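Colleague: Take a look and give me a structure for this.
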Amino acid sequence: MATPKEWIQGARPRTLPNAIAPVIVGVGAVGDLGEVAWWKAALALIVAVAFIVGVNFANDYSDGVRGTDDDRVGPMRLVGSRAASAGAVRRAAFACFAVGALCGLVLAVTTAWWLVVIGAICIAGAWFYTGGRKPYGYIGLGEVAVFVFFGLVAVLGTQFVVSGSIDWVGLLCAIAVGSISSAVLVVNNLRDIPSDTESGKVTLAVRLGDKRTRVLFAVLLAVPPVVSLALIGATPWALLGLLAAPLIWAAYLPVRRGATGPRLIPSLGITGQAMLAWAVLTAVGLVIG
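Modeller: Here you go, the predicted model:
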């Protein structure tokens, strides 16, 4: 039976910035905090966190039963390490999805019923990333899903539920967060190219190969600073987002220097920190402006 510490490690807390950053910048994109429904913002945060922990447990379960995690470098794998049973991890995943769905339902009832459809698509996307007979994460579509769900949907969804509308500022923020969130998965899959190739998991990194995956990572990291410049059209204070540049550069350095395997793990954590820093700084700038 897995210990509480192992369950926490299995939830992959380093991925939490992928859930928190979109909500922060989605609220910031509103501009006037007086227009924000804060209780809805809190629910949106719970939804985002519940879904990302749920997808992490779902991936742990699906990869574990397939044997993909039998020889893997990186965070704790509950099923692959035999620390927890596959059934227990699957139940944990669905419990997280249930929490997210319940909070999402409240948001839908009080905002717009069509959000129920969006929520159902999000849960399906979370499960079928590595679950089902033909998981799309095994054919190189994981980064696209992260961009859509943790970028476009999460940021614009937050902006919509807390203010009742979306705009070009929110869209640009969604593109920036979606890009750097995808970068987290890119560097994760770069690290796992050898083991994924051996197990038959054809991620985008496996398709592109080592060299082109490193280029893709650099391009995705460059998007938030470019968006900061574009947001000058809303307020010059959006340039505060550029203060995250040192973290973005620090995340890129191991990849630029050709690091492989465990040596890429620091880049994972720093990329998440850079994403959170950019989201907070940009949100502050948009509110000040």
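
Colleague: For the lowest-mean-pLDDT helix or strand in the chain, list the C-alpha coordinates in CSV.
Modeller: For the chain, using mean pLDDT, DSSP states H and E, the weakest element among its helices and strands is helix 193-199, scoring a mean of 87. C-alpha atoms of helix 193-199 as CSV (Å, rounded to 0.1, in the frame of the first residue of the first chain):
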residue,chain,number,x,y,z
ILE,A,193,12.5,9.4,-25.8
PRO,A,194,14.6,6.2,-25.2
SER,A,195,12.0,4.5,-22.9
ASP,A,196,9.0,5.7,-25.0
THR,A,197,10.6,4.4,-28.2
GLU,A,198,11.3,1.0,-26.6
SER,A,199,7.7,0.7,-25.2
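
Colleague: Which SSE is immediately downstream of it?
Modeller: Where DSSP states H and E defines the elements, the next helix or strand beyond helix 193-199 is helix 204-208.

Colleague: Just the buried positions in that following helix, please.
Modeller: Leu204, Ala205, Val206, Leu208 (16 or more other CB atoms under 10 Å). For glycine as for every other residue, the C-beta is placed from the backbone atoms N, C-alpha and C.

Colleague: cool, stretch 153-167 as well?
Modeller: Val153, Ala154, Val155, Leu156, Gly157, Thr158, Gln159, Phe160, Val161, Val162, Ser163, Ile166.

Colleague: chain center to that stretch, what's the gap?
Modeller: Stretch 153-167 sits 17 Å away from the centroid of its parent chain (CA atoms, centre = their mean, to the nearest Å).

Colleague: Convert it to CSV, retaining C-alpha atoms only.
Modeller: Extracted in CSV, the C-alpha atoms of stretch 153-167 (Å, rounded to 0.1, in the frame of the first residue of the first chain):
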residue,chain,number,x,y,z
VAL,A,153,-9.9,26.4,-22.4
ALA,A,154,-8.4,27.1,-18.9
VAL,A,155,-7.5,30.8,-19.5
LEU,A,156,-10.5,31.8,-21.6
GLY,A,157,-12.8,29.6,-19.5
THR,A,158,-11.6,31.4,-16.3
GLN,A,159,-12.0,34.8,-17.9
PHE,A,160,-15.5,34.0,-19.1
VAL,A,161,-16.9,32.5,-15.8
VAL,A,162,-15.5,35.3,-13.6
SER,A,163,-16.5,38.2,-15.9
GLY,A,164,-19.1,36.9,-18.4
SER,A,165,-17.0,37.7,-21.5
ILE,A,166,-13.6,37.1,-23.2
ASP,A,167,-11.4,39.4,-25.3
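
Colleague: For that stretch, what does the pLDDT average out to?
Modeller: Mean per-residue pLDDT for stretch 153-167: 96.

Colleague: Where does pLDDT dip in the stretch 51-200 of the chain?
Modeller: 68-74 (pLDDT under 70).

Colleague: quick one: Val153 and Gly119 touch, right?
Modeller: No. Val153 sits out of contact with Gly119 when judged by CB atoms under 8 Å, with a separation of 9.5 Å.

Colleague: circling back: name the helices or strands packed onto the least confident helix or strand of the chain?
Modeller: helix 204-208 (3 or more CB pairs under 8 Å, 6 or more residues apart in numbering; DSSP states H and E).

Colleague: Put the alpha carbons of the helix it packs on into PDB.
Modeller: Extracted C-alpha coordinates of helix 204-208, given in PDB (Å, rounded to 0.1, in the frame of the first residue of the first chain):
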ATOM      1  CA  LEU A 204       5.700  14.000 -30.600                       C
ATOM      2  CA  ALA A 205       9.300  14.000 -29.200                       C
ATOM      3  CA  VAL A 206       9.700  10.400 -30.600                       C
ATOM      4  CA  ARG A 207       8.400  11.600 -34.000                       C
ATOM      5  CA  LEU A 208      10.600  14.700 -34.200                       C
END
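
Colleague: Name the residues that touch it?
Modeller: For helix 204-208, the surrounding residues in contact (CB atoms under 8 Å, 6 or more residues apart in numbering) are 140-143, 186, 189-190, 192-193, 196-197, 213, 216.

Colleague: re earlier: okay, the buried residues of helix 204-208 in a markdown table with distance to Pro13 and pLDDT next?
Modeller: A markdown table is the format used below for those (distance: CB to CB, whole Å; pLDDT from 0 to 100):
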| residue | distance to Pro13 | pLDDT |
| --- | --- | --- |
| Leu204 | 24 | 95 |
| Ala205 | 23 | 95 |
| Val206 | 26 | 95 |
| Leu208 | 28 | 95 |
